[in-house]
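>>> Using only what follows, build the 3D model:
(2 chains)
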Number of protein chains: 2
Amino acid sequence: MSNKLTERKKDYSKWYNELVVQADLAENSAVRGCMVIKPYGYAIWEKMQAQLDKRFKETGHQNAYFPLFVPKSLFEAEEKNAEGFAKECAVVTHYRLKTDPNDKAKLVVDPEAKLEEELVVRPTSEAIIWNTYKGWVQSYRDLPILINQWANVVRWEMRTRLFLRTTEFLWQEGHTAHATRQEALIEAEKMNDVYAEFAEEFMAIPVVKGLKSESERFAGAEETYCIEALMQDGKALQAGTSHFLGQNFAKAFDVKYASKEGRLEHVWATSWGVSTRLMGALIMTHSDDKGLVLPPKLAPNQVVIVPIYKGEEQLKEISKKANELASELREAGISVKFDDRDTHKPGWKFAQYELQGVPLRIAIGPKDLEKGTVELARRDTLTKEFVNQTDVVEKVKGLMVEIQSILFQKALDFRSEHTTKVDSFEEFKKVLKTKGGFILAHWDGTAETETKIKEFTKATIRCIPLDAEKEEGICMFSGRPSSQRVLFAKAY
Amino acid sequence: MSNKLTERKKDYSKWYNELVVQADLAENSAVRGCMVIKPYGYAIWEKMQAQLDKRFKETGHQNAYFPLFVPKSLFEAEEKNAEGFAKECAVVTHYRLKTDPNDKAKLVVDPEAKLEEELVVRPTSEAIIWNTYKGWVQSYRDLPILINQWANVVRWEMRTRLFLRTTEFLWQEGHTAHATRQEALIEAEKMNDVYAEFAEEFMAIPVVKGLKSESERFAGAEETYCIEALMQDGKALQAGTSHFLGQNFAKAFDVKYASKEGRLEHVWATSWGVSTRLMGALIMTHSDDKGLVLPPKLAPNQVVIVPIYKGEEQLKEISKKANELASELREAGISVKFDDRDTHKPGWKFAQYELQGVPLRIAIGPKDLEKGTVELARRDTLTKEFVNQTDVVEKVKGLMVEIQSILFQKALDFRSEHTTKVDSFEEFKKVLKTKGGFILAHWDGTAETETKIKEFTKATIRCIPLDAEKEEGICMFSGRPSSQRVLFAKAY
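Take a look at the predicted model:
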């Protein structure tokens, strides 16, 4: 626990991996590419879930649950979606193991228990859900359908990293059905806005809202909205996507409704999701060489109290005061952990809570009891001060708000400093090499140019920003005309 | 929605299936044995989850998440557990599909993407979790580990029924590790108590706490605690189990800790779970021929308000009053739905909310506005009365408590009436045939007798009740001595 992390500037990727493991967030498992999300990491994810779930319900969505498996014949029904996910899906072919005839202690697949039709472990649920919606929709009265699902999905990724890219991950996937194109488009953009608001208000991560270029769209989507965040190493991370699926799935699964006028029409669809990948974004936006830095709104423990004592008698007195303070803080809505374990020294605890990103640490020793003070340490600034015990609650309440806002501002400043407008491909390559970050440049709108830029630089179009000003210009690569700058970056 | 249900006395099983579908709780999917949990059913499950999760946390447990897949070599490590689940598990053998060379629109399993080691979709997670705990435990300081996981699991059941037995189901599984046998035993019993308290206080289902006989134990357990409930058709339903696993998994996965005295010891384990099967128990305990009856504490909508009106003007006035009432009720902590849809008639709405088990229905028409009243209808008794608008909040608050308690009492009375002590096998068979229910009888403690009774009657030992008085007697089947009556029943 007291191992020092590799410094970020030395090896950012190593720092990240070490932090995730040492802060007890997650670890690799015995299953290739699958992670174990440890209790502390899961507690942060639960806080994210609760906030997102609240927002989904406030915008009229209900939760439901659909099967883990997609029969192959359904999986292949929507051509582009199938093509996009077939290359990386886990396939169930048998439903039984039997004792190995050559070794009684071993099990082997029972060839007699072969499935007639293979089952794909869902990489995403459009197929199984739209096959279900077919039975739910007859008339315009049955629309819209506004459903979300919290679930695990599996994509057979070849290169995996904890939280950022894992074979199995947890996510939520919204799947909605609408009577009109316009309504579905509004829904897709609305849910992207919900993600943006959540990212900025709770995760303290500034995001750019935009549309994906055609080649970066979700397989089967006609338009993909996204939020893009910038990590400390100058690489972008796609933090959430919301897809306008047009009538592709309705046509593939023959989902039609009778309109008010009595015409049979195909239904319009959206889907939208965020995943445990957000944990990676959270870590890489705020943390430092000492470990995780958590925005107060997502910290499982906002305050930790550590007693400094010698002997039982001192501990007893300090505990009394600590428990009083903890109660007062809890009444004020602050989550507090009082760590009075005698198996670990205060210094070890300080290091641990720094590593785990607890926003505020309160230490109470015998001198504090005499003076009526506590020592208050901030995780974000690593500064300490003495505070009168009578002022602690107000002070902490204020700091919760202040730290949340400072973290956001800091990330926003970083992003501003690392967003560069360039007008030539030379400049583009230079910026990519020297400082990285977001690059705003003109692009001619063709997949051909996009592919070439990617081949030469590994940078991709993260999005076509929604709030960007129109600006006539010429494509930095092809010299052809362009009416808006788009956002480039190397990305996770 | 207005289809009448088959009467329970006519065909209980058909009534159940119709109710689940018509009340919009769940439906069968395109995947053999897997269900779709619809939003209304899922909302009830979410209420159960929230209560259980709160109790788990209050008893010191934390949530975490472990992989969906179990590599075959880990799966087979604990022999009995493997044997118990090998016969009914889904096996992933490949990680890619490719275009069918004979039909470009189809996909086939890519034989080049065969896994070196097959992956079992978890039927339960002891194996993958104990393999992980191995890395977490070195000394007594690392114990206990108190972890719960909310997850989906897959067991390839041959005969499935919505909620009661499905190939995939949702559940929680607690997995704890302890330094001593005694501590693990206490944990296993404590969590069974948590289940019992939840079932009785929230689901209004009386349960018998007991131990399973050896042949009914979980595969790999040394002792299985359980709660058993009695359904309206006289059949028992196992509502939750909590297992003392001894050192079986610690030995299979080599999980040892250094004790305070410095000795290396194997760790002691428990696991415990309840699943979406509880939905089946809920339905079959309280519901009637009109549909679902929900205890107020688990009802997503505790009150529904239906306006009775002719024309826009009336609706406007009634809505004003209805919204006022709804706000007052919500302030009092009651969940309220105001259904002002103009696409459906009041009679249709009444029938729908009866079918969906909403505890209280308030109707407001023009005469109510004049008189300052509302019509209040109870789902449990199907009775109606007029209540002054000024009294509604107090009345509803009182009824929430009253209905919850009446439902429990009714179920308890039913169970008392359907619990019979018998002293001979003849009597046993007669009671089983004529009234069913729980039967308390002496048993000689042997698996042989248990099996024969099952063969002759299909009844099984549901549990050896924990709170039963010691009573000397003779086994009703073998005539051998017995010191306690055990609980028999036919079961789901």
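
>>> Relative to chain B, which residue of the stretch 251-400 of chain A is the closest?
Among residues of the stretch 251-400 of chain A, the one nearest chain B by Cβ to the nearest Cβ turns out to be A:Thr343. It sits 5.3 Å away. From N, CA and C alone the C-beta is placed, and that goes for glycine too.

>>> Kindly report the same for the stretch 101-250 of chain A.
The shortest separation between the stretch 101-250 of chain A and chain B is 4.3 Å, found at A:Trp156 (distances taken as Cβ to the nearest Cβ).

>>> As CSV, could you dump the C-alpha coordinates of stretch A:178-190?
Taking only C-alpha atoms (Å, rounded to 0.1, in the frame of the first residue of the first chain), the coordinates of stretch A:178-190 have been written out as CSV:
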residue,chain,number,x,y,z
HIS,A,178,-40.2,6.6,-31.5
ALA,A,179,-42.9,7.5,-34.0
THR,A,180,-40.9,10.1,-35.8
ARG,A,181,-37.4,10.8,-37.0
GLN,A,182,-37.4,14.1,-35.3
GLU,A,183,-38.4,12.7,-31.9
ALA,A,184,-35.6,10.1,-32.1
LEU,A,185,-33.0,12.7,-33.0
ILE,A,186,-34.1,14.9,-30.1
GLU,A,187,-33.8,11.9,-27.8
ALA,A,188,-30.3,11.0,-29.0
GLU,A,189,-29.1,14.6,-28.5
LYS,A,190,-30.9,14.9,-25.1
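
>>> Count residues in the vicinity of A:Gln182, would you?
When neighbours are defined as other Cβ atoms under 10 Å in any protein chain shown, A:Gln182 has 10 of them.

>>> now do A:Thr373
Using other Cβ under 10 Å, the number of residues around A:Thr373 comes to 19.

>>> Tell me which helix or strand the nearest residue to it once chain neighbours are set aside sits in.
If you skip the residues right next to it in sequence, A:Thr373 has A:Phe386 as its closest partner in space, 4.7 Å away by Cβ to Cβ, 6 or more residues apart in numbering or on different chains. Assigned by DSSP states H and E, A:Phe386 belongs to strand A:384-388.

>>> Can you name the element that comes right after that strand?
Remark: after strand A:384-388, the chain's next helix or strand is helix A:392-417, criterion DSSP H and E.

>>> Packing partners of that following helix?
Identification of packing neighbours for helix A:392-417 by 3 or more Cβ pairs under 8 Å, 6 or more residues apart in numbering or on different chains; DSSP states H and E yields strand A:223-230, helix A:277-286, helix A:311-331, strand A:360-364, strand A:373-378.

>>> let's see it at 6 Å
Using 3 or more Cβ pairs under 6 Å, 6 or more residues apart in numbering or on different chains; DSSP states H and E as the contact criterion, no helix or strand is in contact with helix A:392-417.

>>> between that helix and strand A:384-388, how big is the angle?
Between the axis of helix A:392-417 and that of strand A:384-388 there is an angle of 150 degrees, by axes from the mean of the first three to the mean of the last three Cα atoms, to 10 degrees.

>>> what residues does the helix or strand just after helix A:392-417 touch?
Moving toward the C-terminus from helix A:392-417, the first helix or strand encountered (DSSP H and E) is strand A:419-421. Contacts made with strand A:419-421 from outside it, assessed by Cβ atoms under 6 Å, 6 or more residues apart in numbering or on different chains, are listed as A:Val431, A:Phe438, A:Ile439, A:Leu440.

>>> For the third one, which non-adjacent residue is closest in space?
If the residues on either side of it in the chain are set aside, A:Ile439 comes closest to A:Phe488, at 4.4 Å by Cβ to Cβ, 6+ apart.

>>> same thing with A:Ala127?
According to Cβ to Cβ, 6+ apart, the nearest residue to A:Ala127 is A:Leu74 (4.7 Å).

>>> just to revisit the earlier point, what are the bridge partners for the residue nearest to A:Ile439, then?
Taking DSSP bridges, one obtains A:Ile439, A:Ile461 as the residues bridged to A:Phe488.

>>> I'd guessed it sits against A:Leu440; true?
No. In this structure A:Phe488 lies outside contact range of A:Leu440 using Cβ atoms under 6 Å: 7.6 Å.

>>> ok, these two, which is more surrounded?
Looking at A:Phe488 and A:Leu440 with other Cβ under 10 Å, you find the greater number of neighbours at A:Phe488, namely 28 against 18.

>>> residues contacting the more buried one?
For A:Phe488, the contacting residues are A:Ile439, A:Ala441, A:Ala459, A:Ile461, taking Cβ under 6 Å, 6+ apart as the criterion.
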